[in-house]
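*Asks:* Sequence first, then the predicted structure, then my questions.
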Amino acid sequence: MRRIRSVKRSVRFPVSTALLRRLAYASIVANVAIVVTGGAVRLTASGLGCPTWPRCTDESYHTTAEMGVHGVIEFGNRLLTFGVGLIALATVLAVLAYRPRRKGLLGLAVAVFLGIPAQAVIGGITVLTNLNPWVVGLHFLASMAVIAAAYALWRRIKDPDGPAVAVVPGPLRTLAALTTLVSVAVLVVGTWVTGSGPHAGDGGAARNGLDPEQISQVHADAVFLLLGLSVALIFAFRAVGAAGPARAAVVLVAVELGQGVIGFVQYFTDLPAFLVGAHMLGSCLVLLATLSVLWSTRERRPAPVAATASAEDRIPATA
């Protein structure tokens with residue numbers, strides 16, 4: 001009887017590295033998707049489709065027929081949050097079940113998981129403040145933080161557990177870090193541009209009071225700076241023979257150019273909703289491409305295995 005119990009206790013659900021990476025990748029995709037659907041809520045003026053939070057109405061947690069299509073869109077986005085949370089929870093459980101334990105994975109998985117309810121709370125504050133543009137911007141930036149954590153988890157699963165070793169000189173790692181900071185600044189200023197524009201999420205929502213043309217120019221200047229730094233990274237990485245980082249920088253520049261084209265077209269065509277939504281997706285891709293460049297500047301090598309020589313190994317061989 002005791003042997004049967006011990007066998008049952010030793011049986012665990014097998015979790016492979018491939019499964020962990022798939023879950024982390026699914027978390028990235030799901031969080032990008034919820035950014036896009038959140039944009040759809042705002043771009044269809046459905047931001048107050050559910051006029052309160054956490055309930056959809058004062059009497060119901062779900063939308064009603066009287067609320068129409070706006071209620072369906074807003075409530076659908078809220079439901080998607082549960083799906084994103086389930087993926088994050090599955091990732092945490094998989095990390096806990098994985099053997100042998102991996103250093104650093106659990107903290108990142110928990111950070112992604114806790115980021116989901118944090119986003120929900122910020123989203124609720126957004127509704128309760130009648131779509132305050134500064135809170136709306138914070139909601140978007142919180143999503144970017146969760147995407148960054150999910151990407152870090154995905155990369156960390158692939159890497160060995162040894163110490164991180166730089167593959168490019170220190171000044172180039174500094175340049176990559178500076179590019180990352182400018183990329184984040186572009187995202188932040190982009191929320192200011194959005195808060196000053198026409199797509200408020202509801203006809204009665206306030207704007208942040210910034211001049212749309214002036215803040216758009218600031219945003220464009222930051223984008224040009226980011227593009228210049230990214231191009232500089234390509235030449236610098238190639239100069240030191242760092243092929244991997246150079247490829248990552250080329251991808252970053254390509255994503256930035258595509259995002260820039262969308263941004264300029266939407267600006268000169270009075271911000272059509274479809275292009276604004278595409279620009280939000282592009283913002284997520286720019287962030288991911290930037291993180292890819294940053295990660296490419298170092299690599300982790302397998303942890304050294306402590307070799308213990310046996311007594312027989314220490315005896316010199318004789319002919």
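*Replies:* That came in fine, so what should we check first? Numbers count the residues shown, from 1 in each chain.

*Asks:* Now the most centrally placed residue in the chain: which helix or strand?
*Replies:* With distances taken as C-alpha atoms, centre = their mean, the residue of the chain nearest its centroid is Ile147 (1.3 Å). Assigned by DSSP states H and E, Ile147 falls within helix 133-158.

*Asks:* do Val84 as well
*Replies:* helix 68-97.

*Asks:* Next, the angle helix 133-158 makes with that helix.
*Replies:* Here helix 68-97 runs at an angle of 30 degrees relative to helix 133-158 (axes from the mean of the first three to the mean of the last three C-alpha atoms, to 10 degrees).

*Asks:* follow-up on the earlier one: can you name the residues that contact the residue nearest to the centre of the chain?
*Replies:* If you count contacts by C-beta atoms under 8 Å, 6 or more residues apart in numbering, Ile147 has them with 28, 31-32, 35, 284, 287-288. Just so you know, the C-beta spots here come from the backbone N, C-alpha and C atoms, and that holds for glycine as well.

*Asks:* mind running it again at 6 Å?
*Replies:* When contacts are counted by C-beta atoms under 6 Å, 6 or more residues apart in numbering, Ile147 touches Asn31.

*Asks:* any idea how far it lies from Ser16?
*Replies:* 24 Å (C-beta to C-beta, to the nearest Å).

*Asks:* Do you have the helices of the stretch 201-319 of the chain handy? List them.
*Replies:* In the stretch 201-319 of the chain, the helices defined using DSSP state H, counting those that start in this stretch lie at 212-239, 243-268, 273-296, 311-314.

*Asks:* Including distance to Ser196, could the ones you listed go into TSV?
*Replies:* Output for the helices of the stretch 201-319 of the chain, formatted as TSV (distance: least, C-beta to C-beta, whole Å):
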stretch	distance to Ser196
helix 212-239	5
helix 243-268	12
helix 273-296	13
helix 311-314	72
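
*Asks:* looking at those, which is buried most?
*Replies:* Sort those by mean neighbour count, taking mean count of other C-beta atoms under 10 Å, and helix 273-296 sits at the top with a mean of 20.

*Asks:* taking the mean pLDDT, what do you get for that helix?
*Replies:* Averaging pLDDT along helix 273-296 gives 93.

*Asks:* next one: stretch 118-137
*Replies:* Mean predicted confidence for stretch 118-137 is 90.

*Asks:* mind listing what's buried in it?
*Replies:* Across stretch 118-137, burial judged by 16 or more other C-beta atoms under 10 Å covers 119-120, 122-124, 126-127, 130-133, 135-137.

*Asks:* Apart from its chain neighbours, what residue comes closest to Thr194?
*Replies:* Among residues not flanking Thr194 along the chain, Gly137 sits closest, at 6.8 Å (C-beta to C-beta, 6 or more residues apart in numbering).

*Asks:* looking at this structure, which helix or strand is least sure?
*Replies:* helix 311-314 (a mean of 43; mean pLDDT, DSSP states H and E).

*Asks:* returning to that earlier point: closest to Gly104 out of the helices of the stretch 201-319 of the chain?
*Replies:* helix 273-296 (13.6 Å; C-beta to C-beta).

*Asks:* okay, that closest one in PDB with CA atoms only?
*Replies:* C-alpha atoms of helix 273-296 as PDB (Å, rounded to 0.1, in the frame of the first residue of the first chain):
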ATOM      1  CA  ALA A 273      -9.800  54.100 -37.500                       C
ATOM      2  CA  PHE A 274      -8.300  51.100 -39.500                       C
ATOM      3  CA  LEU A 275      -4.900  52.800 -39.800                       C
ATOM      4  CA  VAL A 276      -4.900  53.800 -36.100                       C
ATOM      5  CA  GLY A 277      -5.600  50.200 -35.200                       C
ATOM      6  CA  ALA A 278      -2.700  49.000 -37.400                       C
ATOM      7  CA  HIS A 279      -0.500  51.600 -35.800                       C
ATOM      8  CA  MET A 280      -1.300  50.200 -32.400                       C
ATOM      9  CA  LEU A 281      -0.300  46.700 -33.600                       C
ATOM     10  CA  GLY A 282       2.900  48.300 -35.000                       C
ATOM     11  CA  SER A 283       3.700  49.700 -31.600                       C
ATOM     12  CA  CYS A 284       3.700  46.200 -30.200                       C
ATOM     13  CA  LEU A 285       6.000  45.000 -33.000                       C
ATOM     14  CA  VAL A 286       8.400  47.900 -32.500                       C
ATOM     15  CA  LEU A 287       8.700  47.000 -28.800                       C
ATOM     16  CA  LEU A 288       9.300  43.400 -29.500                       C
ATOM     17  CA  ALA A 289      11.900  44.100 -32.200                       C
ATOM     18  CA  THR A 290      13.700  46.500 -29.900                       C
ATOM     19  CA  LEU A 291      13.800  43.900 -27.200                       C
ATOM     20  CA  SER A 292      15.200  41.400 -29.700                       C
ATOM     21  CA  VAL A 293      18.100  43.800 -30.400                       C
ATOM     22  CA  LEU A 294      18.800  44.300 -26.700                       C
ATOM     23  CA  TRP A 295      18.800  40.500 -26.100                       C
ATOM     24  CA  SER A 296      21.000  39.900 -29.000                       C
END
